[in-house]
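Peer 1: How does the following fold in three dimensions:
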Amino acid sequence: MIVSNLEVPYYAVIFTSVLKDIEISSYYKTAKRMEEIAKEQQGFLGIDSSRTDIGITISYWKTLNDIINWKNNLEHKEAQIKGREEWYSKYQIRICKVEREYGFEDL
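Peer 2: Numbering: from 1, shown residues only. Down below sits the predicted model:
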């Protein structure tokens, strides 16, 4: 499902990553848990994610402060450390303000 029809303006955190050659099950378990707790955070609006050779996860937030609070969530911080130490060979985070959106859906 693609997140759509959010009320602008809002913020998007774009997390792009490349995994090391790892045993993938613990990574996916943690990724699922991060999505569960993100949904409980104030200001969370939705998430889109895909993984092939690179992973791209975009989470949507009402405010920059909501993003900072998510970044500083204790369980999320633990996952960030594990990501740097065990899972990722590279990642990039971009934070963008979305001022306009549009889309298409063939019903």
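Peer 1: List the residues that contact the nearest residue to E101 once chain neighbours are set aside.
Peer 2: Among residues not flanking E101 along the chain, V8 sits closest, at 6.1 Å (Cβ to Cβ, 6 or more residues apart in numbering). (Glycine included, C-beta is placed from N, CA and C.) Counting by Cβ atoms under 8 Å, 6 or more residues apart in numbering, V8 touches V98, E99, R100, E101.
Peer 1: Per-residue pLDDT of V8, please?
Peer 2: Predicted confidence (pLDDT) for V8: 97.
Peer 1: Kindly report the same for S26.
Peer 2: Confidence score, pLDDT, at S26: 89.
Peer 1: Distance of it relative to S50?
Peer 2: For S26, the distance to S50 equals 20 Å [Cβ to Cβ, to the nearest Å].
Peer 1: These two: which has the busier surroundings?
Peer 2: Neighbour totals were compared for S26 and S50, and S26 leads with 12 against 9 (other Cβ atoms under 10 Å).
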